[in-house]
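Enquirer: Sequence and predicted structure, then a few things I'm wondering about:
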Amino acid sequence: MYYFDPHIHMVSRTTDDYETLAKMGCVAVSEPAFWAGFDRGTVDGFRDYFNQLTGFEPKRAGWYGIQHYTWLCINAKEAENVELSREVIAMIPEFLDRPGVLGIGEIGLNKNTRNEAIVFLEHLDLAMKTNEQILIHTPHLEDKYMGTRMILDMLTDDSRIDRSRVLVDHVEEHTAKMVLDEGFWAGMTLYPVSKCTPERAVDIIEMCGPERLLVNSAGDWGPSKPTAVPDLILAMRLRGHSESLIRKVVYENPLEFFSQSRNFHFNPPGSTADPVVI
Amino acid sequence: MSLPPSLPIDAPEVLEREFLEIRAKLLQLAASFDRFDRGAGNVDSDPRRDLIRRGLDILQSDATDKAEQIQLLFSREYDDNWQQTLDMPAK
């Protein structure tokens, strides 16, 4: 089955992973800007990173017929440095009209601090001024519930935000419904230990329904499985769910959500046009 | 709006499919608890032990949302006044 991975950090994966994803049916990946495992020191470090996300990664993905899209921001872990964050936010517009740039992300909270919240709000303001979609990281483990509620408070407090264009990611059993009830899209991340398993993701689909739900691997430099979305496809089949329901979650929903970005140009599998490759 | 898809398999089928995995996870828990006893020192007063005990209580309860309850047990509480607590700047 063809599928999207709506949240995966391919800069931290080898080219072999692109080959594996292609063989397993992945037709497109969406890659938010993230924490590299260390705190970048300068705005030029971010500029180089954004050049990699918008230039080399789509090319590398294209070697295996995968279409690559990206999101830009300074992530929550580095947002404690408000001065650097403001420099990065001021620089982001240089890249917003590049092919494949879908919007601002993955912004969010990490330890739910004041500086993180301030930088989150300033990203939201940028997104509203430039009419971007937004992809949001919710914190890990014990910080997720509080952080998700704080994020929803900030989002719902801004009347400019079109909730249908916002994805709140890494939802789990205690946060999925609140995100969906507020009208946002919700992403479930299939990631060892700190996030969801395929089977629990299927439970959430059964409890909440498939509307506005996405599933992703968030594959990155840590212990993670870039083929997690196919794991979910299998888990849903073994549970007895229909192919149409599975396809909705892993293909139609991402297509519907990303189609709201002006820079989203997608060639469906089997189309005669070549994938967009920079 | 259509209803959410129901669980396509019945409870006996869930048990049939998941019994061995549940057994393995219980063994893993038991082995961890044994290591608490075999290791030097004592963790009984560690607040995380209380969280574990309360988690086990949830598993044995009649709640139909055990997974969500476990998530909330291990979550920091939401502060209704977080904007004041963090002294957020005015809009």
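Expert: Yep, that arrived. Source: prediction; values computed, not measured.

Enquirer: Can you pull out the low-pLDDT segments for chain B?
Expert: Chain B contains residues with pLDDT under 70 at B:1-3.

Enquirer: List the residues that contact the closest residue to chain A within it.
Expert: Relative to chain A, the nearest point of chain B is residue B:8 (3.2 Å; CB to the nearest CB). (C-beta placed from N, C-alpha, C; glycine too.) Taking CB atoms under 8 Å, 6 or more residues apart in numbering or on different chains, we find residue B:8 in contact with A:239, A:240, A:241.

Enquirer: Go again with 6 Å.
Expert: By CB atoms under 6 Å, 6 or more residues apart in numbering or on different chains, the residues touching residue B:8 are A:239, A:240.

Enquirer: beta partners of residue A:108?
Expert: Here residue A:108 shows beta-bridge partners residue A:137, assigned using DSSP bridges.

Enquirer: so who does it touch?
Expert: Residues in contact with residue A:108, defined by CB under 6 Å, 6+ apart, are A:76, A:136, A:137, A:138.

Enquirer: between the residues you listed, which is closest to chain B?
Expert: residue A:138 (11.5 Å).

Enquirer: pretty sure the closest one is touching residue A:144, no?
Expert: Yes - using CB atoms under 6 Å, residue A:138 is in contact with residue A:144, at 5.5 Å.

Enquirer: Give the residue from the two that has the larger number of neighbours.
Expert: The neighbour comparison of residue A:138 against residue A:144 (other CB atoms under 10 Å in any protein chain shown) goes to residue A:138, with 30 against 24.

Enquirer: Chain A contacts on chain B?
Expert: Selection of chain B residues close to chain A by CB under 6 Å from any CB of the partner chain yields B:4-5, B:7-9, B:67-68, B:71-72, B:74-76, B:78, B:82, B:86.

Enquirer: how about the residues of the stretch 101-250 of chain A near chain B?
Expert: Counting by CB under 6 Å from any CB, the stretch 101-250 of chain A sits next to chain B at A:114, A:142, A:145-146, A:149-150, A:172-174, A:206, A:209, A:239-240, A:245.

Enquirer: Which two of the residues you listed have the greatest separation?
Expert: For those, the farthest-apart pair by CB to CB is A:114 and A:240; their separation is 47.5 Å.

Enquirer: Alright, calling it a day.
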